[in-house]
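1. Have a look at this prediction, sequence included:
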Amino acid sequence: MHLNLFRLCRLIAATSLITVSLITFSALSGSASAQIAGPVSEGLKAHAPKNFYIGGVVHGDTSFKDAGYRAVAERDFNAVTSTTYLPWGVWEDHKKNPDFSNFNAVADWAAQQGIQVHGHVMVFPWANEQSEWWKRLPDRLVEKYLKHFVVSAARTRAGKVWSWDVVNEVMADDNEAMDGDGLRTKYKEYQAMGPGYVDKAFFWANATDPNARLILNTTGCERICGKSNRLYNYALKLKSRGVPVHGIGFQTHFVDVTSAGPDIASMRRNFQRFADAGFEIHITEVDVCAIRTKHPSPNRPGVSTPNDQQLHRQRIHFEQTLQLALSMPAVKSFLLWDYADDYSWLHKTTSQIHNVPKDTYTYPTPFWGGKTVPMFPKPAYEGMLNVMRSTPKLHR
């Protein structure tokens, strides 16, 4: 029943990447659990150059409760993303104040570990639409409540959050309705406040926590294309208006399982033009789909997990993207989303995501398992560690 698990154990023992301190099996249920505590001689962060942050997302309501998941972060990361979304348990009743307790639990733990905190997210129109009260809110009240959420988020750990995704995923794809700047026009925020809601969100956040780096975060803009051209031109306009946008966040979700590797040359040219315009570059949500299957291990061990070729392809994506990040002083962070398969939004998918169908397992992170099997590093982790070890430390 646990063929893949035993194979992984032998792999880990052979590479000496990590020692599993506790593994328990339940033969009747077919489940496995583990606490990963080391010992290891070093993690990714041990090789990070000055002012470069490598890390991953820790959700206060789920993965933060997993001691093994936290242990990997403590060993490998000098930054973590702590999440908070208006509709999901944070602001269920607009007559009360937002509840940032899950966000703060992660932020406080990170501070105790000497780990920087990247906050996600203040304004996420797609997510906000999942709230029934937000959908019913009269347009005349949208600015009042949006400002309250932004200011409350910025205030909750002001001075202790290194960076914030202030506005997320507002640039339209090529086939969507958009305004002259490329902003999606379908969202309530835009329809009630006009395009200026983006500017206002950054000013509100900066006034509340002037020490935080403020990021315009988006997806599908890593390489030069129509959407990234629109983003670039829009960012220049924001800058010309004095909007305090310090950096551009590139989510960097690689969902194409057939691609041999990322288009690094195009990504470099794209990042460089934003850097030349005075913006920091933040790589905020990296994951790499290795396979697409409806039948994940351990239910069908040896059948539906990625093969060696697919794992190598995944490793190449992580290695080359991290190498690019380290080679460009303007790139300030490389953050994973998530970093163990069982916690990933792409494993399994709960809806159609890009061209990945619902209920698809993709094994998109550098670590196996987390829930169904113990958390073990993949070749992608080893590749990232080798890149961190071998890359010259640039002055930043």
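-> Here it is on my side, so go on.
2. Could you pull up the mean pLDDT of the helix or strand where I283 lies?
-> Using DSSP states H and E, I283 sits in strand 280-288. Strand 280-288 carries an average pLDDT of 98.
3. what's the answer for stretch 103-116, then?
-> 98.
4. Measure how far that stretch is from the centre of its chain, please.
-> Its chain's C-alpha centre and that of stretch 103-116 lie 17 Å apart, by CA atoms, centre = their mean, to the nearest Å.
5. in it, what's buried?
-> F103, N104, A105, V106, A107, W109, A110, I115, Q116 (16 or more other CB atoms under 10 Å). Quick note: C-beta positions are derived from backbone N, CA and C, even for glycine.
6. Next, format the residues you listed as CSV and append secondary structure and distance to S82.
-> Formatted as CSV, these follow (DSSP: H, G, I helix; E, B strand; the rest coil; distance: CB to CB, whole Å):
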residue, secondary structure, distance to S82
F103, helix, 5
N104, helix, 8
A105, helix, 9
V106, helix, 4
A107, helix, 5
W109, helix, 9
A110, helix, 7
I115, coil, 10
Q116, strand, 10
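7. and the two most separated of these?
-> Longest distance between any two of these is 16.2 Å, between A105 and Q116; criterion CB to CB.
8. what are the ranges of the helices in this structure?
-> For the chain, helices defined by DSSP state H occupy the ranges 3-15, 67-76, 101-112, 125-128, 132-136, 139-156, 188-193, 196-208, 226-240, 264-276, 308-327, 379-390.
9. rewinding a little: output the strand holding I283 as CSV, nothing but the C-alphas.
-> This file holds the C-alpha atoms of strand 280-288, laid out as CSV (Å, rounded to 0.1, in the frame of the first residue of the first chain):
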residue,chain,number,x,y,z
GLU,A,280,11.5,46.0,-7.1
ILE,A,281,10.7,42.6,-8.5
HIS,A,282,9.0,40.0,-6.2
ILE,A,283,8.4,36.4,-7.4
THR,A,284,5.4,35.7,-5.1
GLU,A,285,3.6,32.4,-5.8
VAL,A,286,5.9,29.8,-7.5
ASP,A,287,4.6,26.3,-8.3
VAL,A,288,5.3,23.9,-11.1
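10. What is the nearest of the buried residues of stretch 103-116 to Q309?
-> Using CB to CB, the buried residues of stretch 103-116 come closest to Q309 at I115, 34.9 Å.
11. just to revisit the earlier point, can you list the helices of the chain in a markdown table and add distance to W337?
-> Formatted as a markdown table, these follow (distance: least, CB to CB, whole Å):
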| stretch | distance to W337 |
| --- | --- |
| helix 3-15 | 23 |
| helix 67-76 | 13 |
| helix 101-112 | 14 |
| helix 125-128 | 15 |
| helix 132-136 | 24 |
| helix 139-156 | 19 |
| helix 188-193 | 23 |
| helix 196-208 | 21 |
| helix 226-240 | 19 |
| helix 264-276 | 17 |
| helix 308-327 | 12 |
| helix 379-390 | 14 |
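12. what's the closest of those helices to D338?
-> Across the helices of the chain, closest to D338 is helix 67-76 (CB to CB), at 8.5 Å.
13. For the closest one, buried residues please.
-> Quick answer for helix 67-76 (16+ other CB under 10 Å): G68, Y69, R70, A71, V72, A73, E74, R75, D76.
14. By mean pLDDT, point me to the weakest helix or strand of this protein.
-> strand 22-26 (a mean of 28; mean pLDDT, DSSP states H and E).
15. I'd like to know which of the buried residues of stretch 103-116 is nearest to W133.
-> For the buried residues of stretch 103-116, the nearest to W133 is F103 (20.1 Å; CB to CB).
16. D359: what's it in contact with?
-> By CB atoms under 8 Å, 6 or more residues apart in numbering, D359 lies in contact with K294, K348, T349, T350.
17. again, 6 Å this time
-> Contact analysis of D359 by CB atoms under 6 Å, 6 or more residues apart in numbering lists K348.
18. From V373, how far off is it?
-> To V373, D359 is 19 Å away according to CB to CB, to the nearest Å.
19. re the thing from before, quick one, which of the helices of the chain gets closest to D342.
-> helix 67-76 (9.3 Å).
20. tilt between that closest one and helix 379-390?
-> 20 degrees (axes from the mean of the first three to the mean of the last three CA atoms, to 10 degrees).
21. how distant is helix 67-76 from the center of its chain?
-> Per CA atoms, centre = their mean, the centroid offset for helix 67-76 relative to its chain is 16 Å.
22. so what secondary structure elements neighbour that helix?
-> Using 3 or more CB pairs under 6 Å, 6 or more residues apart in numbering; DSSP states H and E as the contact test, no helix or strand touches helix 67-76.
23. then that helix to PDB, C-alphas only?
-> Presented in PDB, the C-alpha positions along helix 67-76 are these (Å, rounded to 0.1, in the frame of the first residue of the first chain):
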ATOM      1  CA  ALA A  67       4.300  21.100  12.800                       C
ATOM      2  CA  GLY A  68       6.200  19.400  10.000                       C
ATOM      3  CA  TYR A  69       5.300  22.100   7.600                       C
ATOM      4  CA  ARG A  70       6.400  24.800  10.000                       C
ATOM      5  CA  ALA A  71       9.600  23.000  10.700                       C
ATOM      6  CA  VAL A  72      10.600  23.100   7.000                       C
ATOM      7  CA  ALA A  73       9.900  26.800   7.000                       C
ATOM      8  CA  GLU A  74      12.000  27.400  10.100                       C
ATOM      9  CA  ARG A  75      14.900  25.500   8.500                       C
ATOM     10  CA  ASP A  76      14.700  26.700   4.900                       C
END
